[in-house]
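Trainee: Kindly generate the corresponding structure for this input.
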Amino acid sequence: MSDKKIGPEEAESKIRQGYAYVDVRTEQEFEQGHPEGAVNIPLLLAGPGGMTPNPDFIRIVLASFPLDAKIVVGCKAGGRSLKAFAALSREGYTDVFDQRAGWDGARDAFGQLSEPGWSRTGLPVEVGAPAGRSYADLKRKAVERTG
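Mentor: Numbering: from 1, shown residues only. Okay, here's the model as predicted:
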């Protein structure tokens, strides 16, 4: 597994090689900033009672990417993306990488930044909900494909 955890710079290199970046943060987090070209499929959904598992996560990933797709998953600090990596691996995806440190960065037990995330490294970023790559668009397409 450790060879499947990569830093932001290596994730950006994978994107240049044709990998898709699947940002598993909430729609709100994604819209505030994300890696350039990323798609948003939240692992958890923000609701009035806090974060809850997204029951459509796997269905939307399967409708959006074939099992042989090249994928990098990322989140805010690395926790959600690690769970998404495990879920996709169990589903049969074999060419998946987990971008450790996520968007913001990994923190140690004292809350100090231990590894900078994508947003802190000067890599290309976007804001907003890009057409065709937003969660709403991907969910709509998945429903059209799978019913």
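Trainee: Can you report phi and psi for residue 138?
Mentor: phi -70, psi -40 (degrees, to the nearest 10).
Trainee: same question, residue 71
Mentor: phi -130, psi 140.
Trainee: where does this protein have low pLDDT?
Mentor: 1-2, 147 (pLDDT under 70).
Trainee: mind listing the helices for it?
Mentor: Assigned by DSSP state H, the chain shows helices spanning 8-16, 27-32, 57-64, 79-91, 135-146.
Trainee: With distance to residue 43 as extra columns, can I get these in TSV?
Mentor: Where you see a C-beta, it was placed from the backbone N, CA and C, and this is true even at glycine. Below are these laid out as TSV (distance: least, Cβ to Cβ, whole Å):
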stretch	distance to residue 43
helix 8-16	17
helix 27-32	11
helix 57-64	6
helix 79-91	5
helix 135-146	11
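Trainee: Could I get the contacting residues of the residue sitting furthest away from the middle of the chain?
Mentor: Distance from the C-alpha centroid of the chain, by Cα atoms, centre = their mean, peaks at residue 110 (25.4 Å). By Cβ atoms under 8 Å, 6 or more residues apart in numbering, the contact set of residue 110 is empty.
Trainee: how far away is residue 132 from residue 37?
Mentor: Per Cβ to Cβ, to the nearest Å, residue 132 is found 11 Å from residue 37.
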